[in-house]
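Chemist: Build me a model from this:
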Amino acid sequence: QVQLVESGGGSVQAGGSLRLSCGVFGYTAGWYCMGWFRQAPGKEREGVASIDSNGSTKYEDSVKGRFTVSRDNAKNTLYLQMNSLKPEDTAMYYCALSLIWMCRGEADFRYWGQGTQVTVSS
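Modeler: Purely as a prediction, here's the structure:
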């Protein structure tokens with residue numbers, strides 16, 4: 001059974017930092033694209049960042065220069081370093097695993113974590 005477990009969320013003031021982690025269990029994630037998504041109350045889920053099996057990354061425009069996605073294949077873990085956080089970053093953050101090596105669209109992501117809450121106060 002494949003499980004993705006996020007951790008590292010919390011409450012911070014604007015300008016602060018958080019580092020999210022996502023451990024993958026029951027599957028070797030290193031061959032595949034992984035991504036971070038977020039959903040704020042009353043809004044649709046949106047992609048935040050992704051990283052393919054070669055380490056190439058993509059970011060949503062509003063987080064470019066502030067967030068960094070990375071992975072440690074030896075630990076089967078995905079990370080999201082979030083700096084210069086803004087109140088509009090407040091959301092539930094989810095990690096997801098695709099079964100394709102390259103990162104395309106949200107429809108490719110097969111497995112999802114339960115989410116970790118990030119709250120940024122002004």
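
Chemist: use CA for all of it now, contacts and neighbours both
Modeler: OK.

Chemist: For the residue most central in space within the chain, list each beta-bridge partner.
Modeler: Centroid-nearest residue in the chain, with CA atoms, centre = their mean: residue 36, separated by 2.3 Å. For residue 36, the beta-bridge assignment (DSSP bridges) gives partners residue 49, residue 95.

Chemist: thought it was touching residue 92?
Modeler: No - applying CA atoms under 8 Å, one finds residue 36 not in contact with residue 92, separated by 10.4 Å.

Chemist: Touching, residue 59 and residue 49? I think so.
Modeler: Yes - look at residue 59 against residue 49 with CA under 8 Å: they come within range, at 4.4 Å.

Chemist: neighbour-wise, which of those two wins?
Modeler: Between residue 59 and residue 49, residue 49 has the larger neighbour count (other CA atoms under 10 Å), namely 24 against 19.

Chemist: remind me which residues of this protein are low pLDDT?
Modeler: Counting by pLDDT under 70, the chain shows no low-confidence range.

Chemist: contacting residues for residue 52?
Modeler: Remark: with contacts taken as CA atoms under 8 Å, 6 or more residues apart in numbering, residue 52 is in contact with 32, 33, 34, 101, 102, 103.

Chemist: Contact partners for the residue nearest to it when sequence neighbours are not counted?
Modeler: Take residue 52 and drop its neighbours on the chain: the residue closest to it by CA to CA, 6 or more residues apart in numbering is residue 33, 4.0 Å away. The contact partners of residue 33, taken as CA under 8 Å, 6+ apart, are 50, 51, 52, 53, 97, 98, 99, 100, 101, 102, 103.

Chemist: Quick one: which of those residues is the most crowded by neighbours?
Modeler: residue 50 (27 neighbours).

Chemist: which non-adjacent residue is nearest it?
Modeler: residue 35 (4.0 Å).
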